[in-house]
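1. Build the 3D model from these lines:
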Amino acid sequence: MIKKLILGIFTIILFINFETAYSEIFIKAKVNNQIITNFDIKNERNYLLALNPNLKNLPNENLNRYAIDSAINEKVKKIEIEKKYQILENNNIIQKIIKDLYSEIGISNIDEFKNYLKKYNIDLNIVKKKIAIEVAWNDYIVQKFNNSILVDEAKIRNKINELSKQNSVENILLSEIIFTVNENENFDNKFNKIKESISKIGFEETAKVYSVSESKKDGGKIGWVYKSQLTNKISESIETVQIGEFTDPITVPGGFMLLKLNEKKNQLLEIDEEEQFKKAVNFEKNRQLTMYSTLQYKRIYNEAVINEF
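-> The predicted structure is shown next:
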């Protein structure tokens with residue numbers, strides 16, 4: 001009798017614990033009928049904080065909104081990729097990206113990184129899955145649009161030839177944030193969130209949060225460029241800011257761009273024309289791929305059925 005009573009109590013406890021655990025997991029959003037739970041959002045938030053500790057300086061409401069948006073964006077990409085490709089979670093590219101990630105936050109090896117992630121209740125496999133989606137998305141964009149890229153090599157060579165005739169040239173160090181405004185968003189609201197984020201955590205950390213460019217993983221860093229190589233529109237925008245400031249939004253295909261002027265200098269010109277040509281061609285190819293990525297993502301996002309609860 002006592003054994004039956006104990007067994008009955010134990011069963012009730014298990015049932016109650018199961019019901020409690022089950023009730024704590026609920027749907028926060030759906031993308032084309034694929035669910036995103038509050039547990040997914042919590043993991044997303046912890047992941048973002050682990051890799052960008054300065055995000056803790058954002059208002060809690062903004063951080064939660066960012067985690068939801070990030071989880072939805074990832075789901076949109078994943079659904080599109082899996083229509084044609086298998087997402088691989090273990091390859092050399094992913095291992096290199098993970099190493100770059102933990103090196104950037106001052107961690108020297110993978111075991112130390114695993115322990116660091118535990119502080120945020122994140123498993124390394126979650127990191128691998130998320131990076132794998134981004135790598136697969138980049139491969140998807142390259143395969144889909146690589147043949148659409150048009151680079152005017154003659155024009156690039158002419159610019160480099162003109163540069164080589166100058167004694168000195170203005171060299172500028174830039175960072176970027178490229179952001180989109182989807183159909184259910186308001187431009188002013190989106191831009192104000194980005195400006196608020198920049199004021200709290202800086203331009204580079206904000207680029208990691210809001211930018212859709214490939215440069216986001218490097219805090220939006222573009223690097224040194226010759227000012228004469230920029231378009232007139234971008235060059236004129238740069239003229240309006242001082243070092244450390246960023247431009248007003250510049251309209252680009254599929255979205256908007258903010259450019260931060262980090263440094264500038266006049267440089268005596270001693271250039272390897274062939275090396276500069278290769279750099280300029282790669283820069284233009286990457287610029288166009290970023291444009292296609294932005295446009296493609298915006299298209300599939302607007303076509304997706306997205307509901308939040």
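
2. max-length strand in the protein?
-> strand 255-268 (DSSP state E).

3. Mind checking what helix or strand follows it in sequence?
-> Scanning forward in sequence from strand 255-268 by DSSP states H and E, the next helix or strand is helix 273-303.

4. Packing partners of that following helix?
-> The elements that helix 273-303 packs onto, with contact taken as 3 or more C-beta pairs under 8 Å, 6 or more residues apart in numbering; DSSP states H and E, are helix 60-81, helix 124-145, helix 153-164. Just so you know, the C-beta spots here come from the backbone N, C-alpha and C atoms, and that holds for glycine as well.

5. and the first one, C-alpha only, in CSV?
-> Put plainly, it is helix 60-81. Output of helix 60-81 as CSV, limited to C-alpha atoms (Å, rounded to 0.1, in the frame of the first residue of the first chain):
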residue,chain,number,x,y,z
ASN,A,60,16.4,45.6,-22.6
GLU,A,61,13.5,46.2,-24.9
ASN,A,62,15.8,46.9,-27.8
LEU,A,63,17.9,43.8,-27.1
ASN,A,64,14.8,41.6,-27.0
ARG,A,65,13.6,43.1,-30.3
TYR,A,66,16.9,42.5,-31.9
ALA,A,67,16.9,38.8,-30.7
ILE,A,68,13.5,38.3,-32.2
ASP,A,69,14.4,39.9,-35.5
SER,A,70,17.7,38.0,-35.7
ALA,A,71,15.9,34.7,-35.1
ILE,A,72,13.3,35.5,-37.7
ASN,A,73,15.9,36.6,-40.2
GLU,A,74,17.9,33.4,-39.7
LYS,A,75,14.7,31.3,-40.2
VAL,A,76,13.9,33.1,-43.4
LYS,A,77,17.4,32.4,-44.8
LYS,A,78,17.3,28.7,-43.6
ILE,A,79,14.0,28.0,-45.3
GLU,A,80,15.2,29.5,-48.6
ILE,A,81,18.6,27.7,-48.5
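
6. Let me know the next secondary structure element after that helix.
-> That would be, after helix 60-81 and using DSSP H and E, helix 92-104.
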